[in-house]
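**Q** Here is my input; please provide its structure:
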Amino acid sequence: DILVDGQLCDCDVVVNCQVGDPVPLEVKLTNWSKHSVGPFALTVMPYQDYQNGVHNYDLQDAITFVGSNTFYIDSVKPTKDSVYFGALLFLYTGDFYLNIKFHEDNCSKELPLSWLCLPSVHIRATEPVV
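**A** Numbers count the residues shown, from 1 in each chain. Model prediction:
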């Protein structure tokens, strides 16, 4: 489950926030398998989609993380979950997306594609209302 500013996100939801306000981000990983999983790392990568097939990941002047954008997970036991909290700070207006990936932490290869299927989260940063 992915929550942005307290709102549960899926591929059809656009979360609105204001430039300059920290936006809480919560990612909950639930292990529905019969075996423990891990260790791996969860990485949140913001980008802009230019609607022409180009994704801009070079956003250090537009978005900053409060805390880290990578969380390390030792293991998650069967039927248990692990929750990770962070926050984003948008410095400019625009439409942004979050690409959330899980990577094996014990070697350089990525987990199977089925582990990387989290939908992109759409966030619209707007000017603060005065």
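**Q** need the contact list for residue 32.
**A** Taking C-beta atoms under 8 Å, 6 or more residues apart in numbering, we find residue 32 in contact with 78-79. For the C-beta atoms, the positions are set from N, CA and C on the backbone; glycine is no exception.
**Q** for residue 75, what are its contacts?
**A** Contacts of residue 75 by C-beta under 8 Å, 6+ apart are 36-39.
**Q** Kindly recompute the last result at 10 Å.
**A** Residue 75 is in contact with 31, 35-40, 82, counting by C-beta atoms under 10 Å, 6 or more residues apart in numbering.
**Q** So which residues of this protein form strands?
**A** Under the criterion DSSP state E, strands of the chain are mapped to 2-4, 7-8, 14-18, 22-30, 40-49, 55-56, 63-66, 70-73, 81-90, 94-104, 121-126.
**Q** Run the chain-centre distance for the second one.
**A** Its chain's average C-alpha position is 13 Å from that of strand 7-8, according to C-alpha atoms, centre = their mean, to the nearest Å.
**Q** Please apply the same query to the fifth one.
**A** The chain centroid and the centroid of strand 40-49 are separated by 5 Å, computed with C-alpha atoms, centre = their mean.
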